[in-house]
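> coordinates only, sequence not included:
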């Protein structure tokens, strides 16, 4: 059991990585988190890079909001700041578990570790547990471990977990080879088992919030509990904890992004955040920063609520509006309320899925375009809010990239001339945009909506494909809160 006496810089921490995607690190990470929570640990989860869906499961299992760490968007101090803030907020964490992204050394460039899991491991002085999909290999797994171990001696591979093991003999041969040739202990043997799979979707796993509603609480819990049982049987949890406890001390961040804005509590505007099965892609740090900037957060559901709550601004994040388009269309009163609020000057900021929802309509299952994995999208067109011009079409377009943008006019997320680094990930495109439509963002990297333009804007409503993280783009939270405050004050005076 944890003793709760460690300082933030000294709490045990471990990073779980692999040689490539689809090695099983996500499911193994979830199982380890669940096993430690069952033992009474307060587990703080992290995810390398900018994924939303894996973190939703981390949060579901640990009861602590998962945080994203990205070495391309964030500098070293910002990474330390996010890490420290997450571990100390609420009841201080007993242990931190960081799930990597893709292969250990995959990043932004071929000749540096920028944006990679390895970069985060080095910044956080974090021992690495290396997951190998050992299907059909035994002795070769030792060569794999040696290659990754020797590629960058500053990355400490402290243990190995073998996944997709077919038999006892398979496990024995691979384990013996790894420990003999590399000196790295094998702390886990995870059998080949279909119950270790979690449903997939065209942007990744099904989000945890939707999973509960799709499968029901009982079945969803049973799936997660089954994974925990397999991990408890296959992985030496005590060895895992020993490795986590070997992490070297961390220095404190020099500047704290997560400090209350002076006089933020003088006037607290209410910002409505769309949160349901259709919209749930948010970085928790963004919400924390909105609060620190003075906002009161009010959640609402575009799928289930009839009208907006009493708010002074809206933040509609990403998600899967295409899969819930019929429900969104059927909720006409909500669509009309948002459109009326937009026309009345309420500041509205929408990212990706939120952008799609604010356009005039969404078409799914376009002929010849196809669908993605298990996503069911019949050929149909659905009316959306219409606060922004354009027709969203789901198709074979697949955009996944970091982006770099500059604001070309004042808008709810900042002043003209502000620049940002963000990312975009979508399978949609927006057509039928009028020639006189206005954009607030010009991209020097990325795709955006049209001709390297992003940030479709109408009045005080902005929708973009760019996803922004409030630690990397500091103006986001303060600008949105200030816009909501001004709108509130204008209404009080009228």
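That came in fine, so what should we check first? No experiment lies behind these values; they were computed from the predicted model shown.
> contacting residues for residue 18?
Listed by C-beta atoms under 8 Å, 6 or more residues apart in numbering, the contact set of residue 18 reads 24-25, 100, 103-104, 130-133. To be clear about C-beta, it is placed using only N, CA and C from the backbone, and glycine gets the same treatment.
> Quick one: these as TSV, columns for pLDDT, distance to residue 227 and neighbour count too.
Shown next, in TSV, are the contacts of residue 18 (pLDDT from 0 to 100; distance: C-beta to C-beta, whole Å; neighbours: other C-beta atoms under 10 Å):
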residue	pLDDT	distance to residue 227	neighbour count
24	92	11	22
25	94	13	29
100	98	18	29
103	97	23	17
104	98	23	27
130	98	20	28
131	98	14	28
132	97	18	27
133	95	16	22
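> Filter the residues you listed down to just the ones in helices.
If you go by DSSP state H, the contacts of residue 18 have residue 25 in helices.
> Format the contacts of residue 18 as CSV; extra columns: distance to residue 10.
Formatted as CSV, those follow (distance: C-beta to C-beta, whole Å):
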residue, distance to residue 10
24, 30
25, 25
100, 22
103, 29
104, 25
130, 24
131, 26
132, 30
133, 33
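> Pick the one among the contacts of residue 18 closest to residue 46.
Nearest to residue 46 out of those is residue 100 (C-beta to C-beta; 9.7 Å).
> from memory that closest one sits against residue 48, does it?
Yes - the pair residue 100 and residue 48 qualifies as a contact (C-beta atoms under 8 Å) at a distance of 4.9 Å.
> list residues touching both of the two?
Common contacts of residue 100 and residue 48 (C-beta under 8 Å, 6+ apart): 15, 117, 120.
> Which of those residues fall within helices?
Per DSSP H, these map to helices at 117, 120.
> now the stretch 151-300 of the chain, which segments are flagged as low pLDDT?
Applying pLDDT under 70 to the stretch 151-300 of the chain flags residues 195, 197-218, 264-265.
> ok, 80 please
194-220, 262-266 (pLDDT under 80).
> how's the protein carved up into domains?
Following automatic domain parsing, one finds the domains of the chain at 8-245, 270-493.
> Of all the ones you listed, which one is nearest residue 251?
Of all the domains of the chain, it is domain 8-245 that lies closest to residue 251, at 6.7 Å by C-beta to C-beta.
> Just the endpoints, please. Distance across the closest one?
13 Å (C-alpha to C-alpha, to the nearest Å).
> hmm, back to that, of the contacts of residue 18, which is the nearest to residue 421?
Distance to residue 421, by C-beta to C-beta, is smallest for residue 100 among the contacts of residue 18, at 20.5 Å.
> do you know how far the closest residue to residue 454 other than its chain neighbours is from residue 352?
In this structure, residue 454 finds its nearest non-sequential neighbour in residue 448, 3.4 Å apart by C-beta to C-beta, 6 or more residues apart in numbering. Look at residue 448 and residue 352: by C-beta to C-beta, to the nearest Å, they are 11 Å apart.
> what do you get for residue 263?
Taking C-beta to C-beta, one finds residue 263 at 33 Å from residue 352.
> These two: who's more crowded?
Just comparing residue 263 and residue 352: by other C-beta atoms under 10 Å the higher neighbour count belongs to residue 352, 25 against 8.
> what residues are up against that one?
By C-beta under 8 Å, 6+ apart, the neighbours of residue 352 are 281, 317-318, 424-426, 464-465, 467.
> Which single one of the residues you listed is nearest to residue 438?
residue 464 (12.5 Å).
> For that closest one, grab the count of nearby residues.
Neighbours around residue 464, by other C-beta under 10 Å: 29.
> go on, residue 39?
That count, for residue 39 with other C-beta under 10 Å as the rule, works out to 14.
> That one and residue 99: what is the separation?
Separation of residue 39 from residue 99 (C-beta to C-beta): 19 Å.
> got it, and residue 223?
For residue 223, the distance to residue 99 (C-beta to C-beta) stands at 18 Å.
> Likewise for residue 185?
21 Å.
> quick one: which of those two has more around it?
In terms of neighbours (other C-beta under 10 Å), residue 99 is the more surrounded of residue 185 and residue 99; the figures are 27 against 16.
> Can you give me the pLDDT of that one?
If you check residue 99, the pLDDT there is 98.
> again, but for residue 2
On pLDDT, residue 2 comes in at 66.
> related to what we said a few turns ago, turn the domains of the chain into a markdown table, including distance to residue 257.
Output for those, formatted as a markdown table (distance: least, C-beta to C-beta, whole Å):
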| stretch | distance to residue 257 |
| --- | --- |
| domain 8-245 | 5 |
| domain 270-493 | 5 |
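> among those, which is nearest residue 258?
When those are compared by C-beta to C-beta, domain 8-245 sits nearest residue 258, at 4.5 Å.
> so where do the strands sit in the stretch 101-250 of the chain?
All strands of the stretch 101-250 of the chain, identified by DSSP state E, counting those that start in this stretch, fall at 128-133, 157-165, 186-191, 200-201, 204-205.
> Return the most buried member of those.
Neighbour counts (mean count of other C-beta atoms under 10 Å) averaged over each of the strands of the stretch 101-250 of the chain peak at strand 128-133, with a mean of 27.
> Counting by contacts, list what the helix or strand that contains residue 335 packs against.
Residue 335 is part of helix 332-343 when elements are defined by DSSP states H and E. Packing contacts for helix 332-343, counted by 3 or more C-beta pairs under 8 Å, 6 or more residues apart in numbering; DSSP states H and E, involve strand 348-351.
> which other residues reach the strand it packs on?
With C-beta under 8 Å, 6+ apart as the test, strand 348-351 has contacts from 281, 313-318, 338, 341-342, 357-358, 387, 412-413, 460-468, 480.
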